[in-house]
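>>> sequence and predicted structure are below.
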Amino acid sequence: MTCQEKYSPSINMIVLLFIAAFCDSVVKVAECLRTAQGVLKETAQAEAKTCACSEGVKLVVCTQVKNEVAYLPEWIAYHHALGIQKFVIYDDGSTDGVGSFAKLYSARNMTVDIEVLPALTDVRDPFMGQTLSFTDCLKRNKDATWVGVLDVDEFFVPKFTTTEPCRAKDSLKCLLNGVEEDHVHFSEVRFSSTGRLRNFDIRFNGKHTRKPLTSTTMPSVDKQLVEQDLSCSGLSEDSVTVTDPPCLTMGVVNPLGHIPTLTQSNVWRQPLPGTTDDYEARARVVACHDPRVEAAAKWNVCTPGPGKSFVRPGRCNTYWVHACHEPATLSSKQIRFEEGQLNHYYLRSAEAACKKMIQWKKPDPVVYYQTVDKSYMHFVEDRSASKLVPGMLLQQEIAKLFRGLV
């Protein structure tokens, strides 16, 4: 099977995928079929319409990655569906072929602007690398209306509503277009791993070699506080020589050829920070307030995440990881949860917890997985992202990047 024989499902296959995902009995098949056909019809009609509030808005997002090929296709497809026109990817020493991503899309004539650049580094302070990369991204994209910075495990979820018959593609543009300030910050909510043990097995087609990862010493957590066990032995890192033209492949394929996606499968999260549910959950989950957990993780595992931001590129001189640093007088707007949120799939699997611990040389991902991933981070069902960009649309876009699936 060559890369030219890419997987391109028909509308009927997309409908079938919808049925398989959402119908739990034969009785519901007819109802689900009508729903799926209705969604496809409404989507096609909406594609011909554009919200006036989105006109003239150019959105760019920047990220820095190390071996994230398995998750980039969904991240790009999802945010492109929200109107992001350009993706700037800084490669921090990946071995999984991420440098071929721009060619992967251009070879299929997909209208997604992707630029892959080497991550910038500071020999005096390794932790300043992301600041250098993201500040560079702002300088390169001064023609953009807004530049957003986020990781590949983070997804913007606007909740903008309008009386206009607009596409989902306009929701983020319209939300930002109504902001007078120069800096917009989205608060995050973290989602659980939903019991997944392994990362998605999506990779470039080519010659692969695997190198064992040297595990660090596992953090010591009192057994009474451990909700789910975790072993970080036997892990490896993939290195690939990508075929030309590039295409993606999957190691394990289900009978329908369904491509795994985070926004459709991981739908349980922590309570909204600062709410009554949050206070009740923290009181109920011992790890949220037990000093032994905080000592093992080196921080409180139930502390709200910092979130991520959009900024007007001409108004920010230096961008740190989560927000603009200079000038300090930059006007800023905090997006309320009623307006939008940042979905953070912090631990996508047990494997991800181990690899983050090894890569960051920090114990907290493993302690987090062991003590709160199954409870505090699995407290509220939230399908906001999956409804905003339906799974069938993600499947259509991501499938274009694959060789034929058996």
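Perfect, I can see it now.
>>> correct me if wrong: Val321 contacts Thr131.
Yes - Val321 is within contact range of Thr131, at 6.9 Å (criterion: Cβ atoms under 8 Å). Yep, even glycine has a C-beta here, placed from its N, CA and C like the rest.
>>> residues contacting the residue lying closest to Gln359 once chain neighbours are set aside?
The shortest distance from Gln359 to any non-neighbouring residue, by Cβ to Cβ, 6 or more residues apart in numbering, is to Lys66 (6.9 Å). By Cβ atoms under 8 Å, 6 or more residues apart in numbering, the contact set of Lys66 is Asp91, Asp92, Gly93, Ser94, Gln359.
>>> wait, which of the residues you listed is closest to Lys223?
Checking the contacts of Lys66 against Lys223 by Cβ to Cβ gives Gln359 as the nearest, at 26.3 Å.
>>> surely that closest one is in a strand?
No - assessed with DSSP: H, G, I helix; E, B strand; the rest coil, Gln359 is helix; it does not lie in a strand.
>>> confidence score at Phe337?
Phe337 is assigned a predicted lDDT (pLDDT) of 95.
>>> now swap in the one 5 residues further on and tell me
Model confidence at Leu342, expressed as pLDDT, equals 98.
>>> the helix or strand where it lies pairs with which strands?
Element membership for Leu342 (DSSP states H and E) is strand 340-344. When pairs are called by DSSP bridges, strand 340-344 turns out to pair with strand 154-158 (antiparallel), strand 188-190 (parallel).
>>> including distance to Leu230, mean pLDDT and mean neighbour count, could those go into JSON lines?
As requested, the strands paired with strand 340-344 are exported to JSON lines (distance: least, Cβ to Cβ, whole Å; pLDDT from 0 to 100; neighbours: other Cβ atoms under 10 Å):
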{"stretch": "strand 154-158", "distance to Leu230": "23", "mean pLDDT": "97", "mean neighbour count": "24"}
{"stretch": "strand 188-190", "distance to Leu230": "18", "mean pLDDT": "98", "mean neighbour count": "23"}
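>>> and those strands: which comes nearest Leu342?
strand 188-190 (4.1 Å).
>>> which residues are in contact with the closest one?
Contacts for strand 188-190 (Cβ under 8 Å, 6+ apart): 154, 269-270, 272-273, 304-308, 341-346, 377, 382.
>>> can you show me the CA trace of the strand holding Leu342 as CSV?
Extracted in CSV, the C-alpha atoms of strand 340-344 (Å, rounded to 0.1, in the frame of the first residue of the first chain):
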residue,chain,number,x,y,z
GLY,A,340,-15.2,29.8,26.4
GLN,A,341,-12.6,27.5,27.9
LEU,A,342,-9.4,25.7,27.2
ASN,A,343,-9.7,21.9,27.3
HIS,A,344,-6.5,20.5,28.6
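>>> excluding its backbone neighbours, what's nearest the residue nearest the centre of the chain?
When Cα atoms, centre = their mean is applied to the chain, the residue found nearest the centroid is Asp153 (3.3 Å). Here the nearest residue to Asp153 in space, its sequence neighbours aside, is Tyr345; by Cβ to Cβ, 6+ apart that works out to 4.6 Å.
>>> and the one you found, what does it touch?
Applying Cβ under 8 Å, 6+ apart to Tyr345 gives the contacts Asp153, Glu154, Phe155, Arg190, Phe191, Leu262, Asn266.
>>> distance check, the fifth one against Ser384.
Remark: distance between Phe191 and Ser384 (Cβ to Cβ, to the nearest Å) = 11 Å.
>>> kindly report the same for the second one.
When Cβ to Cβ is applied, the distance between Glu154 and Ser384 equals 14 Å.
>>> repeat for the last one
Distance of Asn266 to Ser384, computed by Cβ to Cβ: 12 Å.
>>> how many residues are close by His378?
20 (other Cβ atoms under 10 Å).
>>> that one and Ala119, how far apart?
From His378 across to Ala119, the span is 33 Å (Cβ to Cβ).
>>> same question for Val321.
Taking Cβ to Cβ, one finds Val321 at 13 Å from Ala119.
>>> tell me, what's touching these two both at once?
Shared contacts of Val321 and Ala119, defined by Cβ under 8 Å, 6+ apart, comprise Gln130.
>>> can you select the buried ones among the contacts of Lys66 for me in ChimeraX?
Here is the ChimeraX command that selects only those of those that count as buried (16 or more other Cβ atoms under 10 Å):
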select :91,92,94
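>>> who touches Ile76 in this structure?
Contacts of Ile76 (Cβ under 8 Å, 6+ apart): Phe87, Val112, Ile114.
>>> need the residues you listed in JSON lines (columns: secondary structure).
Formatted as JSON lines, these follow (three-state DSSP):
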{"residue": "Phe87", "secondary structure": "strand"}
{"residue": "Val112", "secondary structure": "coil"}
{"residue": "Ile114", "secondary structure": "strand"}
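>>> who wins for neighbours among the residues you listed?
Phe87 (22 neighbours).
>>> give the contact list for that one.
Val60, Val61, Thr63, Ile76, His79, His80, Val112, Asp113, Ile114, Glu115.
>>> and stretch 68-78, how far out from the chain's middle?
Averaged C-alpha coordinates place stretch 68-78 at 7 Å from its chain's average position (Cα atoms, centre = their mean, to the nearest Å).
>>> which stretches in this protein count as helices?
Along the chain, the stretches classed as helices by DSSP state H are 11-22, 29-46, 72-81, 101-106, 129-140, 171-177, 262-265, 276-284, 291-297, 350-360, 364-371, 384-388, 391-399.
>>> out of these, flag the one nearest Thr214.
Ranked by Cβ to Cβ, the member of those that lies closest to Thr214 is helix 350-360, at 7.5 Å.
>>> could you say what helices and strands the closest one packs with?
In terms of contacts (3 or more Cβ pairs under 8 Å, 6 or more residues apart in numbering; DSSP states H and E), helix 350-360 is packed against helix 364-371.
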